[in-house]
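> no sequence for this one, just the structure:
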Ligand SMILES: [Zn+2]
Ligand SMILES: [Zn+2]
């Protein structure tokens, strides 16, 4: 389904929100760009007033398969991804079994290829079984058909400094990166909401900013000490932004992500006691939201990552203390970023393309600048490339977005198997109209585009 086949002519689209032009997609690439293109046999899309962005890349998705197919499957999760404009997602390792061996990461990678909706890049666990005591088979996962380059115990923190140092040293051999869920466990024992005014008001156990910041500071120092690459997951506090800014000023190899929900929502929502707002790390204060937005705008925070964390109703619609941590996010991410950064004047569409496609692709080693060796696509035999500019010769990974519309979020309409969206009932701007993966539409008219290969 990738590569050859049907050509598409997209008329009057605005790449990165700029001047309208036509794009011809053929043989899996952007074959031509310019006004008044014609192509015999091509299907035509009238894209007047739509913005074209490079296909979005998510560094942080929980697809739940294997083991929690009641929450999400690779099929439903990648449908959600495609509907959100994503052409590649990194699938976190906290599945059952944990993705800590070559066998499990290859299984997840194959399920993604079978679904065919976006490239699924498995994240490997740092420690066996996420137990925090023994390193997983990092080299075997890197050498596997899945070519793993991002490793994380996400959901848990690699809190042992010696183990974190060894993991950082180990991945240098194959240009890997350790993505840390920064949470000092002893400082967050039993924590429920951000430590501050709201935790005091609600009488709930507080989650101090220092529990995140202390780990980030330690890990930046470790990464510098061993000369390796650290990626900080879901940065949530103003202090964390300051530490990362300092680490980058030293020239250290530190990158960071922020979630859409931390860019828009605050801990005041917990006053409702609705566990849909329970998330790890917790929603913070308005001052933190402002600092995260500013950090994303000035590039201190490299990218947006969804931390899409689907949970079935029985794990979320319960009392706060018993509810699971996590929020869905794939289908709303671009719209939330639109509201938080474009409508506020902090980023233009060029900036959004950078923070949601080019930079996460580079961090995930998918931008084509570092050949991974071997093959990672059973269909094309080629290493998938994402985050490239919208110009002739680039892979035809694209999202067409209508920025002028708005609508109320209704998770019942989402393809995700779970419904735990904190944006339920909110009016958000924009709409993903179409998504193309290597020239083949995965989404048309804001619906999954079924071709011969796709089954629901
Ligand atoms: Zn996490
Ligand atoms: Zn996560």
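Perfect, I can see it now. Owing to the predicted nature of the structure, the values given are computational and were not obtained by experimental measurement. Ligands and ions are numbered 1, 2, ... in the order given.

> where's stretch 207-225 relative to the chain centroid, distance-wise?
22 Å (C-alpha atoms, centre = their mean, to the nearest Å).

> do stretch 112-125 as well
13 Å.

> Residue numbers of this protein in contact with ligand 2?
154, 307 (C-beta under 5 Å from the ion). For the C-beta atoms, the positions are set from N, CA and C on the backbone; glycine is no exception.

> Where does pLDDT dip in the chain?
For the chain, residues meeting the criterion pLDDT under 70 lie at 1-4, 371-383, 450-456.

> just the strands in the stretch 151-300 of the chain please.
Here the stretch 151-300 of the chain has its strands, by DSSP state E, counting those that start in this stretch, at 177-180, 193-194, 206-207, 230-232, 254-258.

> for the last one, packing partners?
Translated: strand 254-258. Packing contacts for strand 254-258, counted by 3 or more C-beta pairs under 8 Å, 6 or more residues apart in numbering; DSSP states H and E, involve strand 230-232, helix 238-249, helix 286-297, strand 303-304, helix 359-363.

> just the ones you listed: most buried one?
Ranked by mean neighbour count, those are led by strand 303-304 with a mean of 28 (mean count of other C-beta atoms under 10 Å).

> and after it, which helix or strand comes next?
Next along the chain after strand 303-304, taking DSSP states H and E as the criterion, comes helix 313-316.

> Following the chain onward from that following helix, which element is next?
Later in the chain than helix 313-316, the nearest helix or strand by DSSP H and E is helix 333-337.

> Output the strands of the stretch 151-300 of the chain in JSON lines; the columns should cover distance to residue 319.
Listed next are the strands of the stretch 151-300 of the chain as JSON lines, based on distance: least, C-beta to C-beta, whole Å:
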{"stretch": "strand 177-180", "distance to residue 319": "30"}
{"stretch": "strand 193-194", "distance to residue 319": "14"}
{"stretch": "strand 206-207", "distance to residue 319": "18"}
{"stretch": "strand 230-232", "distance to residue 319": "31"}
{"stretch": "strand 254-258", "distance to residue 319": "29"}
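
> who wins for proximity to residue 36 among the ones you listed?
strand 254-258 (40.3 Å; C-beta to C-beta).

> So what's the gap between the closest one and the chain middle?
12 Å.

> Does that strand reach ligand 1?
No. Strand 254-258 is not in contact with ligand 1 by C-beta under 5 Å from the ion; minimum separation 10.2 Å.

> In the protein, where's the longest helix?
helix 209-226 (DSSP state H).

> which of the residues in that helix are buried?
209, 211-220, 222-224, 226 (16 or more other C-beta atoms under 10 Å).

> For the residue nearest to residue 283 when sequence neighbours are not counted, the count of nearby residues, please.
Using C-beta to C-beta, 6 or more residues apart in numbering and skipping the chain neighbours, the partner closest in space to residue 283 is residue 267 (4.7 Å). By other C-beta atoms under 10 Å, 25 other residues sit near residue 267.

> Okay, residue 267 and residue 414: tell me how far apart.
Distance, residue 267 to residue 414, using C-beta to C-beta, to the nearest Å: 25 Å.

> how many neighbours does the closest residue to ligand 1 within the stretch 51-200 of the chain have?
Closest residue of the stretch 51-200 of the chain to ligand 1, C-beta to the ion: residue 181 (3.7 Å). Around residue 181 there are 24 other residues, counting by other C-beta under 10 Å.

> show me what contacts it?
By C-beta atoms under 8 Å, 6 or more residues apart in numbering, residue 181 lies in contact with 152, 153, 154, 155, 156, 157, 233, 234.

> Please look at the third one and residue 127 and confirm they touch.
No. Contact criterion C-beta atoms under 8 Å: residue 154 and residue 127 do not qualify, at 11.7 Å.

> Settle it for me: which of those two has more neighbours?
The neighbour count for residue 154 versus residue 127, taken as other C-beta under 10 Å, is higher for residue 154 (26 against 23).

> Check the gap between the more buried one and residue 308 for me.
For residue 154 relative to residue 308 (C-beta to C-beta), the value is 12 Å.

> who touches both of those two?
residue 60.

> so what's residue 92 up against?
60, 61, 62, 63, 123, 152, 154, 155.

> Tell me the one among the buried residues of helix 209-226 nearest to ligand 2.
residue 212 (13.7 Å).

> Would you check that the closest one makes contact with residue 185?
No. Using C-beta under 8 Å, residue 212 is not in contact with residue 185; the gap is 11.7 Å.
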